[in-house]
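Asks: For reference, the sequence and a predicted model appear below.
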Amino acid sequence: MEEKSAEFTTWLIETVKTIVYALVIAMVIRTVLVQPFNIPSPSMVPTLLVGDFIFVTKYSYGYSHYSLPFSPNIFSGRIFEHHPERGEVIVFRWPQNPSIDYVKRLIGLPGDRIQMKHGNLYINGELVKREKVGTYIDADGTIGGTYTRYMETLPNGYRHVIIKIGDSQPLDDTPLFTVPEGHYFFMGDDRDHSSDSRDPNGGVGYVPAENLIGHVQFIFFSTSGYADWWEIWKWPFTIRYSRLLSGVH
């Protein structure tokens, strides 16, 4: 009897140790290497859709206290800092409430002058080239309607697709923004449904470098969401198979 009790105790200790090791490894991976996020809003359509699940590399720009679980304010600034490149899709903490994660595209670097004029983007006084490449129809009904697709080419040559309804939307004409040192300017690819750095009051405003979480690398899963959790028989038909393991540019 005592022998069985001892065996059970040994098994229990080993099981607990295994669980603890697994949790520690998972926490290290999440803190230092990669972290998953899901997309709840359409501000980055067509690059990211509602229901996409993405992997973000935490090491891309170094680490701040926001990189840690529960974001303990134990140090300021960034360690092992690497500066992001214009055009990258980045997850960051919302400056007005750092408990909330946002994902947008980096448009303005420190010192840049950014302005929207009748739907066109200007960076440092130069018009950013955009070419019409077709239309975008919202099949999921998250934003509704038909949009014009443009290929936008940023000053560093980074090319990406944006969509627009027209060029007379609320954020299509803005004052001139000058990005402060140590901050960045972000915009969504769905230019007419994105609360971003163009809106300093209630939107995003300038984002401190400390708030950057990581670089969006790829979509590892995607679902349209047109099935309740208990409708198991519908699950295979809600998966967007063409988006699985696709890179984000």
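Replies: Now that the structure is in, tell me what you want to look at. Numbering: from 1, shown residues only.

Asks: Going by secondary structure, the nearest residue to Asp138 once chain neighbours are set aside is in what exactly?
Replies: Closest residue to Asp138 apart from its sequence neighbours, by Cβ to Cβ, 6 or more residues apart in numbering: Gly144 at 5.7 Å. Yep, even glycine has a C-beta here, placed from its N, CA and C like the rest. Secondary structure from DSSP states H and E places Gly144 outside every helix and strand.

Asks: Nearest the geometric middle of the chain, what residue?
Replies: Geometric centre of the chain, nearest residue: Val103, 2.6 Å, by Cα atoms, centre = their mean.

Asks: Was I right to think that residue contacts Leu48?
Replies: Yes - assessed by Cβ atoms under 8 Å, Val103 is found in contact with Leu48 at 6.7 Å.

Asks: Now for the two: what residues contact both?
Replies: Listed as contacting both Val103 and Leu48 by Cβ atoms under 8 Å, 6 or more residues apart in numbering are Ile39, Ile54, Val89, Val216.

Asks: For the residues you listed, work out which two are farthest apart.
Replies: Farthest apart among the shared contacts of Val103 and Leu48 by Cβ to Cβ are Ile39 and Val89. That separation is 10.8 Å.

Asks: shared neighbours of the two, which are they?
Replies: By Cβ under 8 Å, 6+ apart, Ile39 and Val89 have these common neighbours: Leu48, Val103.

Asks: May I ask you to name the longest strand in the chain?
Replies: For the chain, the longest strand by residue count, based on DSSP state E, is strand 212-222.

Asks: hmm, back to that, mind pulling up the phi and psi values for the residue nearest to the residue nearest to the centre of the chain when sequence neighbours are not counted?
Replies: Spatially, and ignoring its direct neighbours in sequence, Val103 is nearest to Val91 (4.9 Å; Cβ to Cβ, 6+ apart). The phi and psi values for Val91, taken as degrees, to the nearest 10, are phi -90, psi 130.

Asks: circling back: possible to save the shared contacts of Val103 and Leu48 as CSV with pLDDT?
Replies: What follows is the shared contacts of Val103 and Leu48, written out as CSV (pLDDT from 0 to 100):
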residue, pLDDT
Ile39, 95
Ile54, 97
Val89, 98
Val216, 98
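
Asks: which of these lies closest to Pro175?
Replies: Val89 (25.5 Å).

Asks: Run through the bridge partners of that closest one.
Replies: Arg105 (DSSP bridges).

Asks: Over to Ile239?
Replies: Bridge pairing for Ile239 - DSSP bridges - gives Thr223.

Asks: any idea which helix or strand carries Pro236?
Replies: helix 235-238.

Asks: The residue nearest to Val103 touches Asn38, doesn't it?
Replies: No - with contact defined as Cβ under 8 Å, Val91 does not count as touching Asn38 (11.1 Å).

Asks: got a list of what Tyr63 touches?
Replies: Taking Cβ under 8 Å, 6+ apart as the contact definition, Tyr63 lies against Thr31, Val32, Arg78, Ile79, Phe80.

Asks: check contacts around Val34.
Replies: Counting by Cβ under 8 Å, 6+ apart, Val34 has contacts Phe55, Val56, Thr57, Lys58, Gly214, Gln217.

Asks: Report the separation between the second one and Arg243.
Replies: Summarising the geometry, the distance separating Val56 from Arg243, computed by Cβ to Cβ, to the nearest Å, is 16 Å.

Asks: Looking at the two, which one has more neighbours?
Replies: Val56 (22 against 18; other Cβ atoms under 10 Å).

Asks: pretty sure that one is in contact with Ile213, am I right?
Replies: Yes - Val56 lies in contact with Ile213 (Cβ under 8 Å); the separation is 6.4 Å.
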